[in-house]
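> would you be able to build a 3D model of this:
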Amino acid sequence: MPRKCAVVASMFLTGILAACGSKQEVPSTTTSTVPGTGQPTGMIAFNTNRAGNSEIYVMNADGSEPRRVTDDPSPDKGSSWSPDGQKIAYFNGRDGNGEIYVINADGSDPQRLTDSPAQDVQASWSPDGTEIAFASDRDGNSEIYLMNADGSEPVRLTNNAASDFRPTWSPDGKKIAFRSNRDEPNPFTCSPCNDEIYVMSADGSALQRITNDPAFDFAPSWSPDGKKMAFASDRDGDFGVYVMNADGSGLEQLTNNAASDTSPDWSPDGKTLAFASDRDGNSEIYLMNSDGDAASRITENDDNDADPVWRPHALAAAGR
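Numbers count the residues shown, from 1 in each chain. Reported below is the predicted structural model:
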């Protein structure tokens, strides 16, 4: 399979959680850099198959002390931190279909939130911690849904014959960005598709398309101040990381090489982007400055590490 097709196919894999491994204390550090040094601090969750199948790990932001959070024969994917940094939502396929789970960041007390014969995947915690957005095909095709953080009262936000994926909240909790192939002439047979980034209000109204390119645009990530959005795209022929203003203007390409650079995620202070790349042969986690400079690898093993997600600042510490 060509590399581009393999990368696209991997983004549609489902999976996720169950038992817990050894319980380890999760440090309370939430800053992104050591003042005066630029050295990254804080924590990053990521997916890896280094244990034989896809599991969720956490590590320090410099790549040190990786710790396994989930431990299940079925793949665990799609990390989303709670706003206080104490829990992680994700999806698992142990019941033959994807379901949303939540687990303490030390690997204890996994709980299933959804119970549907459909695929419920790609959870995203709201900034105030009360709701979780997710993608599901429970009504026939993938749409964006919203539920309470305990899994109750799921509601459908999008309604389109095509497919909507990977919701992500704006920092103020008023908007949700997602990717959709609703502008693709053949949304059910395309590979890869002409997916675009959309933004809507948190209730599903005021839909806006913010990218417009025949390429595959995906994996939106809001900057902490809500003014910019990073995303991945193959618009130059290979998957790379881009950044734009939150309204779609001011597009900039941050990475430019023959590898696949995907899944960007902003550090809490907005100075650094984590991303996944296979530029050294297999998928590893990298950091770079938010302008694309000074990329450095922080994981190194023979297996694949992907989908990095920074642990947020604790809202309680900010008095919110």
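
> can you pull the contacts of E65?
M59 (C-beta atoms under 8 Å, 6 or more residues apart in numbering). Any C-beta I mention is one placed from the backbone N, CA and C, and that applies to glycine too.

> retrieve the pLDDT associated with it.
Note on E65: pLDDT of 96.

> do R94 as well
Value for R94, per-residue pLDDT: 82.

> repeat that for N194.
For N194, pLDDT reads 89.

> the one 4 residues further on too?
Note on Y198: pLDDT of 98.

> burial measure for N212, as a count.
When neighbours are counted by other C-beta atoms under 10 Å, N212 registers 11.

> correction: the previous question concerned I285.
26.

> lowest-pLDDT helix or strand in the protein?
Within the chain, no helix or strand scores below strand 19-20, which has a mean of 30 by mean pLDDT, DSSP states H and E.

> which SSE is immediately downstream of that one?
strand 43-48 (DSSP states H and E).

> which other helices and strands contact that next one?
For strand 43-48, the helices and strands in contact under the criterion 3 or more C-beta pairs under 8 Å, 6 or more residues apart in numbering; DSSP states H and E are strand 55-60, strand 76-81, strand 305-310.

> how does it look with 10 Å?
strand 55-60, strand 76-81, strand 87-92, strand 261-266, strand 272-277, strand 284-289, strand 305-310 (3 or more C-beta pairs under 10 Å, 6 or more residues apart in numbering; DSSP states H and E).

> relative to that strand, what are the paired strands and their orientations?
strand 55-60 (antiparallel), strand 305-310 (antiparallel) (DSSP bridges).

> out of the ones you listed, which is closest to I298?
strand 55-60 (7.7 Å; C-beta to C-beta).

> so which elements touch whichever helix or strand comes after that closest one?
On the C-terminal side of strand 55-60, the closest following helix or strand by DSSP H and E is strand 67-68. If you count contacts as 3+ C-beta pairs under 10 Å, 6+ apart, strand 67-68 packs onto strand 55-60.

> so the strand it packs on versus strand 87-92, what angle?
Angle of strand 55-60 versus strand 87-92, following axes from the mean of the first three to the mean of the last three C-alpha atoms, to 10 degrees, is 150 degrees.

> tilt between strand 55-60 and strand 284-289?
40 degrees.

> make 55 the starting number, not 1.
Will do, 55 is the new start, and the previous item becomes strand 109-114.

> just how off-centre is strand 109-114 within its chain?
Here strand 109-114 is found 14 Å from its chain centre; the criterion is C-alpha atoms, centre = their mean, to the nearest Å.

> and that strand, average pLDDT?
97.

> only alpha carbons, please: show that strand as PDB.
Provided in PDB are the C-alpha atoms of strand 109-114 (Å, rounded to 0.1, in the frame of the first residue of the first chain):
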ATOM      1  CA  GLU A 109      -2.300   1.700  23.800                       C
ATOM      2  CA  ILE A 110      -2.300   5.100  25.400                       C
ATOM      3  CA  TYR A 111       0.800   6.300  27.100                       C
ATOM      4  CA  VAL A 112       1.800   9.500  28.800                       C
ATOM      5  CA  MET A 113       5.300  11.000  29.000                       C
ATOM      6  CA  ASN A 114       7.000  14.100  30.000                       C
END
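
> angle of that strand against strand 130-135?
Using the same axes, to 10 degrees: strand 109-114 against strand 130-135 is 40 degrees.

> confidence score at D345?
Per the predicted model, pLDDT is 97 at D345.

> mind listing what it touches?
Counting by C-beta atoms under 10 Å, 6 or more residues apart in numbering, D345 touches 297, 306, 308, 325, 327.

> ditto for A215
194-195, 236, 241-242.
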